[in-house]
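Peer 1: Return atomic coordinates for the entry below.
(chains A and B)
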Amino acid sequence: EAAVTQSPRSKVAVTGGKVTLSCHQTNNHDYMYWYRQDTGHGLRLIHYSYVADSTEKGDIPDGYKASRPSQENFSLILELASLSQTAVYFCASSDDREGTETLYFGSGTRLTVL
Amino acid sequence: AQRVTQVQPTGSSQWGEEVTLDCSYETSEYFYRIFWYRQLFSGEMVFLIYQPSFDTQNQRSGRYSVVFQKSFKSISLVISASQPEDSGTYFCALSELSYNQGKLIFGQGTKLSIKP
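Peer 2: Numbers count the residues shown, from 1 in each chain, chains lettered A, B, ... in the order given. From the prediction side, this is the model:
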């Protein structure tokens, strides 16, 4: 069973503060992703990574940075948090070898920026 | 441009009935895949089934199947013998093979309630 764990599960941040969301996977997957979900909407891709020490921009990267220090860990960084970044953030991993592009998701981090 | 649309924001059904959830999409690619995920009330996203564009056969997985109408760029998820545990929000997602793996475009979701 794939395992993707996110921390923290929820966080309250102040506007202008720095926020770091962490993701750890034990699946030995090469691919990791950060998605954002706004209330009543689907998920949108922020950043992704195919290999350690390399990240790529997704569809909505503005205001976010990502870091992939190892195959297992992928972080999302909000240098200057804003009210509009209040959302639920999902990390996911996938394995090219499976050939189905199935994503295994973490349980999400609910971020509230005040 | 890619877009995925789920026009039913909510749906409901009775225990044991068959449920159909609709999804339409826009893509200019020939090769793509359509995925269905269910989001539990806890927030967890669970993979259900996917349909590759090059396969004319509708995919099936347990009580889940799809009705793939490629020419209309439409796909429906069919849940047979629905149960209250099937309640949740269902997302349709598009993946174009010309893009890197895992770059999914999600629809808005359909919140389904199965009544006992």
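Peer 1: For the rest of this, base every contact and every neighbour count on C-alpha atoms.
Peer 2: Noted.
Peer 1: Tell me where chain A has strands.
Peer 2: A:4-7, A:10-13, A:19-25, A:31-37, A:43-51, A:54-57, A:65-67, A:73-78, A:87-94, A:104-105, A:109-113 (DSSP state E).
Peer 1: what about B:G16, how many residues close to it?
Peer 2: 15 (other C-alpha atoms under 10 Å in any protein chain shown).
Peer 1: Can you tell me the closest non-neighbouring residue to it?
Peer 2: B:A81 (4.1 Å; C-alpha to C-alpha, 6 or more residues apart in numbering or on different chains).
Peer 1: I'd say the one you found and B:T20 touch.
Peer 2: No - between B:A81 and B:T20 there is no contact under C-alpha atoms under 8 Å: 11.4 Å.
Peer 1: Kindly reformat the strands of chain A as JSON lines containing mean pLDDT.
Peer 2: Shown next, in JSON lines, are the strands of chain A (pLDDT from 0 to 100):
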{"stretch": "strand A:4-7", "mean pLDDT": "95"}
{"stretch": "strand A:10-13", "mean pLDDT": "97"}
{"stretch": "strand A:19-25", "mean pLDDT": "98"}
{"stretch": "strand A:31-37", "mean pLDDT": "94"}
{"stretch": "strand A:43-51", "mean pLDDT": "93"}
{"stretch": "strand A:54-57", "mean pLDDT": "94"}
{"stretch": "strand A:65-67", "mean pLDDT": "98"}
{"stretch": "strand A:73-78", "mean pLDDT": "98"}
{"stretch": "strand A:87-94", "mean pLDDT": "94"}
{"stretch": "strand A:104-105", "mean pLDDT": "90"}
{"stretch": "strand A:109-113", "mean pLDDT": "97"}
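Peer 1: Chain B against chain A: which residues are in contact?
Peer 2: B:42-47, B:91, B:101-109 (C-alpha under 8 Å from any C-alpha of the partner chain).
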